[in-house]
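Participant: Give me a 3D structure for the following:
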Amino acid sequence: MRGSCRLRRVLTLASFSIEMHHAFLMRGLQHVGQHLMVAQAGSGWLAKLVSKEYAYATRNGGAYHLHRFSCDMPCHRPCVLGGSDDSAARSLKTFTFATSLGYNFPVLTSPVSYPKCNPTYDTTWDENYAAPGSVLQDPTLPAGNLIMLIDAEQHCPGGVWQSPFYISVGFARSSDNGKTWPAPESGALGGPGRHPILQSPEPQPTAPHGNLGDGIPAGFVDKSASGDYYLYVAYTVFPSSGTRVARAKLGADPLTFLKWYNGSFSQPGIGGLDSAVTPSAGCTYPENPAISYNDDLGLYLMILKCLGGPASAALGGWYYSTATSLDLEDWTAPQLIQNSQYPWATCTTGMGQDFDGSLPSTLSPGAAPGHTKLTGYIFFTHITCDLTTRQFLSRTFTIVAGPPVPEVSLVANAEGESHTIAPNTWVEIKGSDLAPGGDARIWQGSDFVNNQMPTQLDGVSVTVNGKPAYLYYISPTQVNILTPPDALPGSVQVQVSKNGIAGAPYTAVAKVASPSFFVFNGGPYVAAVHANGSLIGPTSLYPGSTTPAKPGETVLLYANGFGPADLPVTSGSIVQSGTLAPPPVIKIGGVAATVPFAGLVAVGQYQFNVVVPSNTPDGDQTITATYSGLSTQAGTLITIQH
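Facilitator: Below you'll find the predicted structure:
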């Protein structure tokens, strides 16, 4: 886990721009000559290759040696490449097979070739396809001890071959720098040396089925705050797609992989449930996630592919997300890398899609394994339906810092912090970079124009469901607004802008009302006054100013978010009034009180005239109000004294 401080900036990648949720703007990934890339390598870097694979490379005497490449399509058997000369290797463009270095051709195979079945292996998890998704050095062991994450497919349910797959993520080790790997082992769970680590909650079918399972892994090793090393596996689920992550603490085998599920790594790798690590907003059909850590930004970076649109005009593109912690998996909503989109089509053979941009992976020369810097390459595959014409290509990227972007982490009722908001309700917005640094203030008389409440303070503005809200308070970490009086749908987008830069929309839940009491000094005592205007509360609350209420006394309570009154509210007007009919049900000490009046008396402020029940005992008593089936926040009190 890295430090918790986030850098929220705008990034630029070469020749096009994208808005990042964390204040990133990326610009263009530019083709580097569009030449055929046989492979690429770098000082311990990972980069995806043809089909569903990664390369792991080391450098020896100036030449790069690539520890895996799919060289036998369509069986996708991995072999090893090395740079034939120093300058060519450093260009990351020209490689030859590394048989002269003692590597076999290939170094790992599946039990059975792709379009065939064999009764001995028809229940084996990697019967028809075994392609490394990642090859990584295990940092807990001496150099040369490598881990392979295997992208494995089974195409023979019930012993009958079919094109759709049951896909798994597998695990294997090599202790000789990738020269030898475990041979296939029959059975659904393989053996100690070569076995699945991630599989769908749905077991391997015995009858025909569609694409199903967990696959296309991308590995990343990170050191936790406790000093432990964890192997993180980003993968795609089928048939639903989506960005998923699992992890295991490195150590003695067998490693225990846990899937991320509903906020924690808690589900077993084999058969466990999982949930997306990136917000649902962003892209429609995400897949091929790959994680790196950007040293210059101090953020984890996920690059993924996303497909969407109607079959007649379908597009795919590259998206990115960032996170501050892999322990928390606090990824931002995926954002499109502009100009990365390309038409895609499903192959009639059922062999994937025709798309120029599959399996994107970042690499920065000189960075540590799995790390990137402000410049580097994105390697990808031009997948085609004709397997013989697939190409491995690269584009360069440059990240340039820019101004901070607002980031919202919470939208809630300003009193009680209910996560439900409503029209004409005081709401708090919490986050970071919401206002200029050091700028914290409430509205002032000069902010009102033509008796209208301000919709911006010092360059800060907020929209709710696309309509301007009214700003009462701003600071870099909190903004308080009055929502527009217009009716809201059940799910609304709240967006903060600062000096013309809009943050990512935050989705909030809305209802017709979001009732809450105003409270003194953060609570728990409700904001209430006697008929003469003096404050109600224990004498210790504001010594010399607060006194308890008496049984039978009519007191005035103030509240927020009780919905529309009988008179319409004019947007932005500093005058609001109207009656709530029927009035809310108010209970003091659990006993219903008489409410002679309930209505709007000021902007977003409701007043309730309440008669304290005559039998109310002395002391602090609970007080609640219920309206339209909704109740005020728990724990509020009013002090009573005979």
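Participant: Can you list the low-confidence ranges for this protein?
Facilitator: 1-97, 281-282, 309, 311, 338-339, 350-352, 400-402 (pLDDT under 70).
Participant: Kindly report the domain assignment for it.
Facilitator: Partitioning the chain according to automatic domain parsing yields domains covering residues 18-398, 407-510, 516-640.
Participant: As TSV, those with mean neighbour count would be great.
Facilitator: The way it works is simple: take the backbone N, C-alpha and C, and place the C-beta from them, glycine included. Shown next, in TSV, are the domains of the chain (neighbours: other C-beta atoms under 10 Å):
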stretch	mean neighbour count
domain 18-398	20
domain 407-510	18
domain 516-640	17
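Participant: Where does the spatially most central residue of the chain fall, secondary structure wise?
Facilitator: With distances taken as C-alpha atoms, centre = their mean, Thr278 lies nearest the centre of the chain, 2.6 Å away. Following DSSP states H and E, one finds Thr278 outside all helices and strands.
Participant: Would you confirm that it contacts Ser321?
Facilitator: Yes - taking contacts as C-beta atoms under 8 Å, Thr278 lies within contact range of Ser321: 5.1 Å.
Participant: Extract the C-alpha trace of stretch 449-459 and format it as PDB.
Facilitator: The C-alpha coordinates for stretch 449-459 follow below in PDB (Å, rounded to 0.1, in the frame of the first residue of the first chain):
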ATOM      1  CA  VAL A 449     -27.600  39.800  -7.200                       C
ATOM      2  CA  ASN A 450     -31.200  41.000  -7.800                       C
ATOM      3  CA  ASN A 451     -32.200  39.200  -4.500                       C
ATOM      4  CA  GLN A 452     -31.100  35.900  -5.900                       C
ATOM      5  CA  MET A 453     -29.000  33.300  -4.000                       C
ATOM      6  CA  PRO A 454     -25.500  32.800  -5.500                       C
ATOM      7  CA  THR A 455     -24.900  29.900  -7.800                       C
ATOM      8  CA  GLN A 456     -21.200  30.300  -7.600                       C
ATOM      9  CA  LEU A 457     -18.700  31.500  -5.000                       C
ATOM     10  CA  ASP A 458     -15.100  32.300  -6.000                       C
ATOM     11  CA  GLY A 459     -15.300  30.200  -9.100                       C
END
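Participant: Figure out how far that stretch is from the centre of its chain.
Facilitator: Its chain's C-alpha centre and that of stretch 449-459 lie 34 Å apart, by C-alpha atoms, centre = their mean, to the nearest Å.
Participant: which residues sit against that stretch?
Facilitator: 435-436, 439, 441, 443, 447-448, 461, 468-471, 474, 482, 498-500, 572-575, 603 (C-beta atoms under 8 Å, 6 or more residues apart in numbering).
Participant: and those residues, which of them are in strands?
Facilitator: Those of the contacts of stretch 449-459 mapping onto strands are Arg441, Ser461, Pro468, Tyr470, Leu471, Ile474, Leu482, Lys498, per DSSP state E.
Participant: With respect to Ala98, which of those is nearest?
Facilitator: Nearest to Ala98, judged by C-beta to C-beta, of the ones in strands among the contacts of stretch 449-459 is Lys498 at 52.9 Å.
Participant: How about the contacts made by that closest one?
Facilitator: Lys498 is in contact with Pro404, Val405, Pro406, Asp433, Leu434, Ala435, Pro436, Gly459, Val460, counting by C-beta under 8 Å, 6+ apart.
Participant: 10 Å - rerun?
Facilitator: Shown in contact with Lys498 (C-beta atoms under 10 Å, 6 or more residues apart in numbering): 403-406, 433-436, 439, 456, 458-461, 474, 476, 479.
Participant: for Thr384, same thing?
Facilitator: Applying C-beta under 10 Å, 6+ apart, we find Thr384 in contact with Cys347, Met351, Gly352, Gln353, Asp354, Phe355, Asp356, Ser358, Arg390, Gln391.
Participant: For the stretch 351-500 of the chain, which segments count as strands?
Facilitator: For the stretch 351-500 of the chain, strands defined by DSSP state E, counting those that start in this stretch occupy the ranges 353-363, 371-372, 375-383, 391-398, 407-413, 420-421, 426-432, 441-442, 456-457, 460-464, 467-468, 470-474, 478-482, 491-498.
Participant: Which one, of those strands, ends up nearest to Ala531?
Facilitator: Distance to Ala531, taken as C-beta to C-beta, is lowest for strand 426-432 among those, at 25.0 Å.
Participant: Mind giving me the packing neighbours of that closest one?
Facilitator: Contacts defined by 3 or more C-beta pairs under 10 Å, 6 or more residues apart in numbering; DSSP states H and E place strand 426-432 against strand 407-413, strand 460-464, strand 470-474, strand 478-482, strand 491-498, strand 506-510.
Participant: Arg173 and Tyr293, how far apart?
Facilitator: 23 Å (C-beta to C-beta, to the nearest Å).
Participant: swap that for Ala188, please
Facilitator: Note on Ala188: its distance to Tyr293, by C-beta to C-beta, is 35 Å.
Participant: And for Pro203?
Facilitator: 35 Å.
Participant: circling back to that earlier point, shared neighbours, Thr278 and Ser321?
Facilitator: Contacts common to Thr278 and Ser321, judged by C-beta under 10 Å, 6+ apart, are His21, Thr243, Pro286, Pro289, Met302, Leu304, Trp331, Thr332, Ala333, Pro334.
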